[in-house]
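Colleague: coords please:
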Amino acid sequence: MKLKHDTWVVVADGRKFLVLRNNGDTEFTDLRVMNKTEIENPPTREQGTDRPGRMPDDGQSGRSAMPETDWHEIEERRFAAELGHKLHDWAAKKRYTDLVVIADPRTLGNLRDEYTQDVKSRLIHEIDRDYTGHTVTDIEAVLNAATPAG
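Modeller: Below you'll find the model as predicted:
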């Protein structure tokens with residue numbers, strides 16, 4: 001995939017994201033880090049220790065267990081929502097015109113729920129892989145090998 005100059009590439013998972021900008025052109029991709037955010041999101045067992053609640057079961061004399069809260073998943077969704085809001089704010093301020101998103105499938109799904117029309121109109125490609133632990137050079141290689149949508 002050939003990226004125009006100033007195309008933004010967001011690489012995300014449920015606890016960190018990178019915003020990269022192509023300083024190169026369509027022939028030579030040159031991604032530079034513009035923003036990096038990471039949060040602490042320990043496993044659910046470390047975030048909540050209470051047992052799931054119980055409630056009376058109508059029609060029987062027993063009780064039913066409530067599902068266990070997955071605090072880790074809740075935080076991942078909140079983080080994706082926060083990133084979605086940032087993408088909207090940046091689009092509204094015309095900070096980018098073209099956007100590529102690379103994220104693990106779960107985060108990508110959560111992000112899609114947050115895309116506004118302004119963000120969707122700038123989105124040129126999505127890749128459903130987790131590259132947050134990879135180097136910028138690896139990310140450039142993935143983008144160069146990607147087939148553009150459409």
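Colleague: show me where this protein has its helices.
Modeller: 44-47, 71-92, 105-114, 117-120, 136-145 (DSSP state H).
Colleague: lowest-confidence helix or strand of the chain?
Modeller: Sorting the helices and strands of the chain by mean pLDDT, DSSP states H and E puts helix 44-47 at the bottom, at a mean of 52.
Colleague: could you pull out the buried residues of stretch 128-135?
Modeller: 130-132, 134 (16 or more other CB atoms under 10 Å). For every residue, glycine as well, the C-beta is placed using N, CA and C.
Colleague: can I get that stretch in CSV? Just the C-alpha atoms.
Modeller: Taking C-alpha atoms only, stretch 128-135 is exported to CSV below (Å, rounded to 0.1, in the frame of the first residue of the first chain):
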residue,chain,number,x,y,z
ASP,A,128,-6.6,-6.6,12.1
ARG,A,129,-3.3,-7.6,13.6
ASP,A,130,-1.5,-6.6,16.8
TYR,A,131,1.6,-4.7,16.0
THR,A,132,2.0,-2.6,19.1
GLY,A,133,5.1,-4.6,20.2
HIS,A,134,6.8,-4.2,16.8
THR,A,135,9.2,-1.7,15.6
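Colleague: got a list of contacts for it?
Modeller: Residues from elsewhere that reach stretch 128-135 (CB atoms under 8 Å, 6 or more residues apart in numbering): 11-13, 16-18, 102-105, 107-108, 138-139, 142.
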